[in-house]
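Colleague: Quick check, what structure comes out for this input:
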Amino acid sequence: MSKYSDEFKLQIVKEYLKGPLGFQLLAKKYSIPSKSVIERWVTAYKAYGKEGLQRKSKNEVYSVHFKVDVLHFMKQTGASYQDTAIQFKMNNPSLIANWNSIFQKQGIEGLLEKVKGRPSMSKKPKSISTKQEKEMSREEQLERENELLRLEVAYLKKLKAFRENPNAFLEKHKQRLPLNLKQKDSD
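Modeller: The predicted structure is shown next:
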């Protein structure tokens, strides 16, 4: 959402065009932080009329080629961000300033469209594991299955022992605790 309404912008632009007040005095009168904001509004109004003051409700996606063309035009002609925006029928010169900054820091790669949102879950890990299982010989597959079954049996034995006598498990760990604390205190 823009900070100033379209009607407010139009009111100030019309007041500037017909009145004796300049950019600086209008900025003070309406508590606008900078006169350059009003200058941009007036320039956009002169170029496009009311449409020049309106913010686009939908974010337009510009290609890398278009962005480079805009920056190249600006560099070749020495045009300001505002003049460049008017030349390319854009009403947001700060977008061009942003592109220029990114281009200076990261090059063309920085102007590429970024993928937005959370990445989709990849199915690669599952496919890799099935490939590994297919590559293993029958003997290796059986050894792996035996190992997993041994681990499962050991886990179930410990779980059964804990359920039968939970205090024995807790006392066993309580006895280890002070030994660990004594070793840490001596360090």
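Colleague: contacts and neighbour counts: CA atoms only from here.
Modeller: OK.
Colleague: Quick one: the helices in the chain, in order.
Modeller: Taking DSSP state H as the criterion, the chain contains helices spanning 6-18, 23-29, 35-48, 64-77, 81-87, 93-106, 108-111, 124-135, 138-164, 166-186.
Colleague: List the buried residues in the second one.
Modeller: If I follow you right, that is helix 23-29. Applying a neighbour-count criterion of 16 or more other C-alpha atoms under 10 Å, the buried positions in helix 23-29 are Phe23, Leu26, Ala27.
Colleague: cool, and the longest one?
Modeller: Neighbour counts over helix 138-164 (16+ other C-alpha under 10 Å) mark no residue as buried.
Colleague: Nearest to Gln54, out of the helices of the chain?
Modeller: Across the helices of the chain, Gln54 has its closest neighbour in helix 6-18 (5.9 Å, C-alpha to C-alpha).
Colleague: what's the domain layout of this protein?
Modeller: Segmentation of the chain into domains, based on automatic domain parsing, reads 1-55, 61-113, 136-186.
Colleague: Throw these into a markdown table and include mean pLDDT, thanks.
Modeller: A markdown table is the format used below for the domains of the chain (pLDDT from 0 to 100):
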| stretch | mean pLDDT |
| --- | --- |
| domain 1-55 | 80 |
| domain 61-113 | 85 |
| domain 136-186 | 72 |
